[in-house]
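1. next come a sequence and a model predicted from it.
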Amino acid sequence: MYLRRILLLTVVLGLIFMGSFAFYVYKVMFMSNTSFESDFVHIYIKTETTYDQLLNQVDPYLTRIDDFDVLAKRKKYSVRPGKYILNKGMSNNDIINSLRSNNITVNVIFNNVKNLNDLAGKLSNQIEADSLSFLSSFDTDFFIEKGFDEKNILSMYIPNSYNFFWNTSAEQFNERMFEEHTKFWQKNNRVQKANKIGLSKKEVMILASIVYEESKGNIELPKIAGVYVNRLNNNWKLQADPTVKFAAYQLDEYKNTVIRRVLNKHLKIDSPYNTYKYSGLPPGIISMPSIQAIDAVLNYDKHNYYFFAADPTKPGYHSFARTLSEHKRNARKFHRYLNSKGIKK
C-alpha cells in the first residue's frame, strides 16, 4: 500500500511537471508575445547589429523579452540586417522566423534631383546607406569604367521607383542602377533614336536636363526639345536660361540664392555651361532629367520654331516663335509681367 502511494504520488508529480513544462514550452514558442497596439510595426536592423543590440531593439515591442531570448538561442538565431515586419499577436516562434527569413523590400523613389549631394540625401532617407557612403561611392573608378565622367555621373540614375532591400549598400545600389540604366536604353529603341538624331546617350541626357529645367509641363517637352535640336542642327548657340542659372550657382556669390530672372550680368559669366557664351552642348547635365524629358529629346517635335518664351497668360506654358522679331514681342510680354510682379532678379 505504501509503495502504491509513493508510485501514485510520483506519477502525479510527474504529470504536474510535464504539464508545467509543456505549458512553459507553449508559452515560450506559441503564445502571443507582442505588446504594441497597432496592427504591425517595422523593425530596421542595421548591418553589424549584435545579438544583444537586437534584444534591446525589439524589447519595447515584446511582452516577455526573456522568453524570446530563450527560444532565439535554442533555434540558433543569428542576426540578419534588413527591414522586417512584426504583426500584432505574433508568437516568439513567428517573430524569430520572420526576423530570420522575411527581409522585406522598400520602394526607393527619386526625382527632381539637382546634383549628387541632393541624390545622396534622398537615397539615404530611404535605405540604410548614409549620405557619406553615397558621396564616397561617387568618387570611385566604378563610374569611369561604366563610361561616365565626373560631370555626368548623375545621368546614370534614371528617376523612377525601384524595389530594394533596406540594407542595400551604396555600392550595391550603384550596380543595380547601372543595370537599370542599361535596360532603360535598350527599351523603346532609345539607342537607335539617339543615333538617328546624331547624339550620344550622354548628349541626349545633357539636352534632356536642359529641356526638363525649361518646363515641368510634359505636354510641351517635345516641342521645346525640337527648338534646341533646330538650333544645334543649324550651329546656333543654345542660349538656354537654365544653363546660365546653373553656371551662376557654381559661383560663391550665388550660393543659397534663387535666380528668378536671367539678367545681362548672368549672360556674361565665363563658364562652359553658359550656352549664351559658348556654342554646342554644355559638358554635363544640369539636373537629373525626367524620363519624359529624355523621351521628349528622342522623340522631339519636328517644326520650324527657333525661339520660345514663357507665356504670362498661361502659367507653365510657352509662346513659340519662328523669327527673332516675333520672339522679341513674346519676350517683352513676359518681361512686362515680371516687372508687374516686382521680380527684378
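-> On my side now, so go ahead.

2. any stretches of this structure with poor pLDDT?
-> The model of the chain has pLDDT under 70 over residues 1-28, 30, 345.

3. mind giving me the domain ranges of it?
-> Residue ranges for the domains of the chain, per automatic domain parsing: 21-101, 109-186, 197-340.

4. where do the strands sit along the stretch 51-200 of the chain?
-> For the stretch 51-200 of the chain, the strands defined by DSSP state E, counting those that start in this stretch occupy 82-87, 105-109, 161-165.

5. redo these as TSV? Include distance to Asp69.
-> (Each C-beta comes from the backbone N, C-alpha and C, glycine too.) What follows is these, written out as TSV (distance: least, CB to CB, whole Å):
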stretch	distance to Asp69
strand 82-87	16
strand 105-109	28
strand 161-165	26
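
6. out of those strands, nearest to Tyr51?
-> Minimum separation from Tyr51 across the strands of the stretch 51-200 of the chain (CB to CB) falls at strand 82-87, 15.1 Å.

7. deepest in the core, which of the strands of the stretch 51-200 of the chain is it.
-> strand 82-87 (a mean of 18; mean count of other CB atoms under 10 Å).

8. tell me how far that strand lies from the chain's centre.
-> 22 Å (CA atoms, centre = their mean, to the nearest Å).

9. what does the spatially most central residue of the chain show for phi and psi?
-> The centre of the chain sits closest to Phe110, judged by CA atoms, centre = their mean, with a distance of 2.8 Å. With angles defined as degrees, to the nearest 10, Phe110 sits at phi -150, psi 140.

10. same check, this time on Asn103
-> According to degrees, to the nearest 10, Asn103 has phi -70, psi 110.

11. for Ser32, same thing?
-> With angles defined as degrees, to the nearest 10, Ser32 sits at phi -60, psi 140.

12. which residues touch it?
-> Thr63, Gly89, Met90, Ser91 (CB atoms under 8 Å, 6 or more residues apart in numbering).

13. burial count for Asn33?
-> 25 (other CB atoms under 10 Å).

14. same thing with Ala240?
-> Ala240 has 27 neighbouring residues, counting by other CB under 10 Å.

15. and it, how far is that from Asn125?
-> Distance of Ala240 to Asn125, given as CB to CB, to the nearest Å: 31 Å.

16. now Thr313
-> Here the criterion is CB to CB. By it, Thr313 lies 39 Å from Asn125.

17. also Thr257?
-> Counting by CB to CB - Thr257 and Asn125 are separated by 25 Å.

18. Ser38 too?
-> With the distance defined as CB to CB, Ser38 ends up 22 Å from Asn125.

19. ok, now which ones touch Tyr278?
-> Here Tyr278 is in contact with Lys237, Pro272 (CB under 8 Å, 6+ apart).

20. is it true that it lies in a helix?
-> No. Checked against DSSP: H, G, I helix; E, B strand; the rest coil, Tyr278 lies outside a helix; its state is coil.

21. which phi and psi does it have?
-> Dihedral angles for Tyr278 - degrees, to the nearest 10 - are phi -120, psi 140.

22. what about the nearest residue to Leu116 once chain neighbours are set aside, neighbour count?
-> Nearest residue to Leu116 in three dimensions, chain neighbours excluded: Phe138, at 5.3 Å (CB to CB, 6 or more residues apart in numbering). Using other CB under 10 Å, Phe138 has 18 neighbouring residues.

23. hang on, Phe138 packs against Asn115?
-> No. Checked against CB atoms under 8 Å, the pair Phe138 and Asn115 is beyond contact range at 10.4 Å.

24. quick one: the helices in the stretch 101-250 of the chain?
-> Ranges of helices within the stretch 101-250 of the chain are 116-124, 131-138, 141-145, 170-186, 190-196, 201-214, 221-233, 241-249, based on DSSP state H, counting those that start in this stretch.
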